[in-house]
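[1] Got a predicted structure here, sequence first:
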Amino acid sequence: MTLLNGRSLSNSLTVKDLAASLAWYTDVAGFAVDQKHEREGKLVAVSLKAGDVRILINQDNGAKGWDRVKGEGFSMMITVDQSVDEIANRIKAAGGTLDSEPADMPWGKRVFRVLDPDGFRIAISS
């Protein structure tokens, strides 16, 4: 049996307010815009990057209901070579709210968690 041998992982997230999520991911979380995607002259998605991490945020079209829960039971972990504490402090200084403060884990990593505007949980780990 051949085992999966992935080299990277990218995520696609459907968001309620593309402009608000774009501002959060760039101004608060520190991602850069890689590409904007338009359909019929309207912005419908944005590809974001942070090092080798890629996230695509898509504007929800409401087809599955506007009140559906997003992000529940889902978490992304981003491993960094930078200071986890400095990243957490920068996020807080930019107006972001941490879901958990930086803490040392029993397995030797330092981790904090933050929620995006739609409730998607992102863990930042050393």
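    In hand now; what should we look at?
[2] Next up, identify which helix or strand the closest residue in space to Leu115 that isn't next to it in sequence is on.
    Distances taken as C-beta to C-beta, 6 or more residues apart in numbering put Asp99 closest to Leu115, at 5.1 Å, once the chain neighbours are dropped. Every residue, glycine included, has its C-beta placed from N, CA and C. Assessed by DSSP states H and E, Asp99 sits inside strand 98-104.
[3] Quick one: mean pLDDT over that strand.
    The pLDDT scores in strand 98-104 average 97.
[4] Scan the protein for its longest helix.
    helix 84-93 (DSSP state H).
[5] The strand holding Asp99 to helix 84-93, inter-axis angle?
    Using axes from the mean of the first three to the mean of the last three C-alpha atoms, to 10 degrees, one finds that strand 98-104 and helix 84-93 are set 160 degrees apart in direction.
[6] can you list contacts of strand 98-104?
    Applying C-beta atoms under 8 Å, 6 or more residues apart in numbering, the contact partners of strand 98-104 are Val84, Asp85, Ala88, Ile91, Lys92, Arg110, Val111, Phe112, Arg113, Val114, Leu115, Arg121.
[7] Please repeat the previous calculation with a cut-off of 10 Å.
    75, 83-89, 91-92, 109-115, 119, 121-126 (C-beta atoms under 10 Å, 6 or more residues apart in numbering).
[8] list the buried ones in that strand?
    Buried residues in strand 98-104, counted by 16 or more other C-beta atoms under 10 Å: Pro102.
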